[in-house]
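Chemist: How does the following fold in three dimensions:
(4 chains)
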Protein chains: 2
Amino acid sequence: MMEETRGKLLRAARAAFAARGYAGASMDELTAEAGLTRGALYHNFGDKRGLLQAVIDQIDAEMAARLRAVGERASHPWRGLLDEYRAYIEMAVEPEIQRILLLDGPAVLGDPSLWPSQNACLAETTRRIRTLVEDGAIPPVDAEAAARLLNGASLHAALWIAASKEPEATLGKALEAFRRLAEGLARP
Amino acid sequence: MMEETRGKLLRAARAAFAARGYAGASMDELTAEAGLTRGALYHNFGDKRGLLQAVIDQIDAEMAARLRAVGERASHPWRGLLDEYRAYIEMAVEPEIQRILLLDGPAVLGDPSLWPSQNACLAETTRRIRTLVEDGAIPPVDAEAAARLLNGASLHAALWIAASKEPEATLGKALEAFRRLAEGLARP
DNA sequence: CTTCTCTACATACGGTCCGTATGTGAATTG
DNA sequence: CAATTCACATACGGACCGTATGTAGAGAAG
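Modeler: Numbering: from 1, shown residues only, chains lettered A, B, ... in the order given. I've put the predicted structure just below:
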């Protein structure tokens, strides 16, 4: 079964990329870990970049689903936006996501918005901002531009937190500063 | 003269990293381009990462100087902040800076704020925000947190612009959204 | 039932690249 | 003038990626 092979390789690749980084991950080791050889890998994913792309698509989809769930649980649309970004930052602190999606991904594959996965995370936050504008909850703004900037801010916050000695305190500072910035969107 | 050798290698490395990316740049080619061999490189910079570090320190210092110059030319402190970030975004669109400092740098060396260069750019914008707070121009805010988020937003804006079909229009959208976010800092 | 083809991998090979170990000529020091 | 150090060159080993080739099994064709 080919689908099973792909699954095994994806799991092994996620673990290897997360643990050693894209450049440091050996395809021989990684495939052996999955009980296969590089032949299977090149047959299914084309090359090493293709494998990274597949891993990223998977992670991106998972993150977008988590974001949407968080946003939908919120009592108020504006609160939903803040909750989503809090969740985004917290996810971006996870080593696997940070290493693969935020550091290696852009370096190897270039601008995330050009990825085939279409960057589901970005689409999700863009959609939410657009909804806020359409509902009149915030003044008109280019939703994609705002989402991109807020995503960038969140991502940097996550790098900061991950490298911090006191992650909890740093998270608090980052969230407070983020709220201030986001409120710039809410004012006329 | 050792300083001259370092200079030659740094120039060649900047060009090679910018053109082919860190992973794609061959140290044999790069050193040959400088009229030297890998021996000189390992003697002066330790390893490939050390060379990247040196290149990044150089670029970072240049950017910080440019930022400071822009900020000081401004008529008003708040305007200085906006001008600085406009300049930051415009610099971050330059292929050399984007490729080396923003994409490969974090992937290879990790969080920029931990770099020996101390990230002069971040220090510069942090200093400017702190000044605004101390002068009472904006309400109190954690200057480092705000600077990190705004830098992250700018960086993402630059990636967006660089990948855009119509960079000028995209730059306009990004700057407008950025102004909105920054104004969140200015309100009580 | 036989044969042929096609698929999904495995194996083999070549070339590139990095880091280190070693060599070397010039400058410096005592 | 001998000895040492420095700044760089050369040589070597090992790892890794991509491709070319091999192969066992399944299904189609006749």
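Chemist: For A:Asp135, which non-adjacent residue is spatially closest?
Modeler: In this structure, A:Asp135 finds its nearest non-sequential neighbour in A:Pro77, 6.4 Å apart by C-beta to C-beta, 6 or more residues apart in numbering or on different chains. For the C-beta atoms, the positions are set from N, CA and C on the backbone; glycine is no exception.
Chemist: how about the one you found, what does it touch?
Modeler: Applying C-beta atoms under 8 Å, 6 or more residues apart in numbering or on different chains to A:Pro77 gives the contacts A:128, A:131-132, A:135, A:137.
Chemist: try A:Ile97
Modeler: By C-beta under 8 Å, 6+ apart, A:Ile97 lies in contact with A:59, A:63, A:91.
Chemist: now A:Gly71: how far from DNA strand C?
Modeler: With distances taken as C-beta to the nearest atom of the strand, to the nearest Å, A:Gly71 is found 37 Å from DNA strand C.
Chemist: Oops, could you answer that again for A:Glu96 instead?
Modeler: To DNA strand C, A:Glu96 is 24 Å away according to C-beta to the nearest atom of the strand.
Chemist: secondary structure element for that residue?
Modeler: Following DSSP states H and E, one finds A:Glu96 within helix A:95-97.
Chemist: Could I get the average pLDDT for that helix?
Modeler: Taken as a whole, helix A:95-97 carries a mean pLDDT of 96.
Chemist: ok, how many other residues are close to the residue nearest to A:Met27 when sequence neighbours are not counted?
Modeler: Leaving out its chain neighbours, the residue that sits closest to A:Met27 by C-beta to C-beta, 6+ apart is A:Arg38, at 5.3 Å. Residues lying near A:Arg38 (other C-beta atoms under 10 Å in any protein chain shown) number 14.
Chemist: before we move on, the earlier item: neighbour count says what about the contacts of A:Pro77? Which are buried?
Modeler: Buried subset of these (neighbour count, 16 or more other C-beta atoms under 10 Å in any protein chain shown): A:128, A:131-132.
Chemist: Show me what the helix or strand where A:Leu150 lies is packed against.
Modeler: Element membership for A:Leu150 (DSSP H and E) is helix A:143-163. Using 3 or more C-beta pairs under 8 Å, 6 or more residues apart in numbering or on different chains; DSSP states H and E as the contact criterion, the elements in contact with helix A:143-163 are helix A:77-93, helix A:120-134, helix A:167-186, helix B:143-163, helix B:167-186.
Chemist: re earlier: relative to the whole chain's centre, how far out is the helix holding A:Glu96?
Modeler: Offset of helix A:95-97 from its chain centre (C-alpha atoms, centre = their mean, to the nearest Å): 9 Å.
Chemist: same question, stretch A:108-115
Modeler: Stretch A:108-115 sits 12 Å away from the centroid of its parent chain (C-alpha atoms, centre = their mean).
Chemist: Tell me how many other residues surround the closest residue to DNA strand C within chain A.
Modeler: In chain A, no residue comes nearer to DNA strand C than A:Gly39, which is 2.0 Å away by C-beta to the nearest atom of the strand. The tally of other residues near A:Gly39 (other C-beta under 10 Å) stands at 9.
Chemist: what pLDDT does the nearest residue to A:Ile161 once chain neighbours are set aside get?
Modeler: Distances taken as C-beta to C-beta, 6+ apart put A:Thr170 closest to A:Ile161, at 4.8 Å, once the chain neighbours are dropped. Note on A:Thr170: pLDDT of 97.
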